[in-house]
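>>> need a structure here:
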Amino acid sequence: MTDDEVRAVFDQLEDRPSPAFVSSLREQLADEWARPGAVMRSLPARRRAPRWPWPAAAAVLAVVAVAVTLQRGDRPERVDAGPAATSPTTATSPTTASTTTAAPATVGDAIWPFTSASAAAGYPADGPYRDPEATALGFARDYLGVTVALRATVAPSAAGFAVTLRRTTGEGGQPWPDAPTFTEVALGRIAPGGPWTVVGARSPRIVVAHEFDQQEFASPMRLQGEASAYEGTVQVEVREDGPAADQALGRGFVTGRGDSDGSLGPFDGEVAFRPPTRPAGAVILSASSEADGSLLQATVVRVRFARP
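Numbering: from 1, shown residues only. Okay, here's the model as predicted:
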């Protein structure tokens, strides 16, 4: 085959080859194979093999194979390469307040500092309750009456943020680097873009067995669950919306388990309270230090009061 003939072969490959073209190419290859020196004469002298025409013959065989494949209908489609693949990355959860992404809490879920959309309306953009950590710490201080220092860990949640609070000191003011969770404060919004408000708080050592927000309570209020506290004693306080620490409708206690290893034990008891003036409030279940009376754990659950 001459150089022009080889070029003609590749020109034919730009389109799908016809059966006649494939047959013709086979015949030409057979003729070349019958004349051992002919293939090599079509190549430049500096590239000739001294004895065997195998390299050029192999090239022609490859052309034939491609032609046969294309004639059968297996011509590949062109694929544009996209961006180079990159290694997957792990998303890092934010630990600062967001004013647009969290779902708002409903009015019935709100405990403190706002219990209605109207109460949160007009809250300043630079107010402390725009920050989830400041909101949770303010709740512990102003609503629960915590007097010791707490450290906070903020994480996103379905409603907005979950802020885990731990004491920094133990009894007698000694450092407490491995302190257990005091409570985990759940934050949501009354209205989209509004300030944060507390919708609940849970201590892993005081667990309420039923959902308070699905029923209305009259006095006395029955409480069931599991707890671990000093001598098993869990203090209970019933509040209506609005009052701060030490302003309760009623107080009492239930008894759980007092093992030093933190094992939970069941409690079941009742707490009486005077008639509320508002339709909703919260029940606080807490455990205190024997040495100084400071709070060690607290669980706060939203409740609604039965109408008289």
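>>> mind checking how far G293 is from L264?
23 Å (Cβ to Cβ, to the nearest Å). Bear in mind the C-beta positions are built from the backbone N, C-alpha and C, glycine included.
>>> So for the two, which residue has more residues nearby?
L264 (17 against 8; other Cβ atoms under 10 Å).
>>> ok, and the closest non-adjacent residue to the more buried one?
E226 (3.9 Å; Cβ to Cβ, 6 or more residues apart in numbering).
>>> where does that neighbour land in three-state SS?
strand (DSSP: H, G, I helix; E, B strand; the rest coil).
>>> Pull the number of nearby residues for Q235.
18.
>>> Enumerate every residue touching it.
Going by Cβ atoms under 8 Å, 6 or more residues apart in numbering, Q235 touches R251, G252, F253, I284, L285, S286, A287, S288.
>>> element containing the fourth one, please.
Element membership for I284 (DSSP states H and E) is strand 280-288.
>>> And the third one, by the same measure?
Assignment of secondary structure by DSSP H and E places F253 within strand 250-255.
>>> contacting residues around the residue nearest to E270 when sequence neighbours are not counted?
Counting by Cβ to Cβ, 6+ apart, P220 is the residue found nearest to E270 once chain neighbours are left out, at 4.0 Å. Neighbouring residues of P220 by Cβ under 8 Å, 6+ apart: E270, V271, A272, F273.
>>> now for the helix or strand harbouring the first one, which elements pack on it?
Right, E270. In the assignment (DSSP H and E), E270 maps to strand 265-271. Packing partners of strand 265-271 (3 or more Cβ pairs under 8 Å, 6 or more residues apart in numbering; DSSP states H and E): strand 221-227, strand 233-240, strand 250-255.
>>> right, so of those, which gets closest to A179?
strand 221-227 (17.9 Å; Cβ to Cβ).
>>> what helix or strand is D292 on?
Using DSSP H and E, no helix or strand contains D292.
>>> Use 349 as the first number from now on
Got it, the first residue is 349 from now on, which makes the last one we talked about D640.
>>> was I right about it contacting E519?
Yes. Using Cβ atoms under 8 Å, D640 is in contact with E519, at 6.1 Å.
>>> Am I right that A467 falls within a strand?
No. A467 is assigned helix when assessed by three-state DSSP, not a strand.
>>> Contact partners for it?
Here A467 is in contact with I538 (criterion: Cβ under 8 Å, 6+ apart).
>>> What is the neighbour count of R655?
7.
>>> same deal with M569?
Using other Cβ under 10 Å: M569 sits among 20 other residues.
>>> F530 touches P552, doesn't it?
No. Using Cβ under 8 Å, F530 makes no contact with P552, being 10.1 Å away.
>>> who has more neighbours, these two?
F530 (24 against 14).
>>> Skip the chain neighbours and tell me the closest residue to the more buried one.
L513 (4.7 Å).
>>> The one you found and A473: what is the separation?
25 Å.
>>> Likewise for A557?
A557 is 41 Å from A473, by Cβ to Cβ.
>>> These two: who's more crowded?
Shown here are A557 and A473; by other Cβ under 10 Å, A557 has more neighbours (11 against 8).
>>> How much space separates the more buried one from R478?
35 Å.
>>> Kindly report the same for A469.
14 Å.
>>> Between the two, tell me which one has more neighbours.
R478 (17 against 11).
>>> Help me confirm that that one comes into contact with P543.
Yes. R478 is within contact range of P543, at 5.5 Å (criterion: Cβ under 8 Å).
>>> what's across from V631 in the sheet?
Going by DSSP bridges, V631 is paired in beta bridges with V586, V649.
>>> The one 4 residues further on now?
On the basis of DSSP bridges, A635 is bridged to Q645.
>>> so what's it up against?
Per Cβ under 8 Å, 6+ apart, neighbours of A635: 551, 553-554, 575-578, 581-583, 643-646.
>>> and if you look at T647?
If you count contacts by Cβ under 8 Å, 6+ apart, then T647 has T531, A549, R550, S551, I554, V555, V556, I632, L633, S634 around it.
>>> ok, now T581?
F601, T603, G604, G606, A635 are the contacts of T581 under Cβ under 8 Å, 6+ apart.
>>> just curious, which of the residues you listed is nearest to W524?
When the contacts of T581 are ranked by distance to W524 (Cβ to Cβ), A635 comes first, at 15.3 Å.
>>> Does M569 touch G617 like I think?
No. M569 lies out of contact with G617 (Cβ under 8 Å); the separation is 9.5 Å.
>>> ok, G475 - how many residues close by?
Around G475 there are 12 residues (other Cβ under 10 Å).
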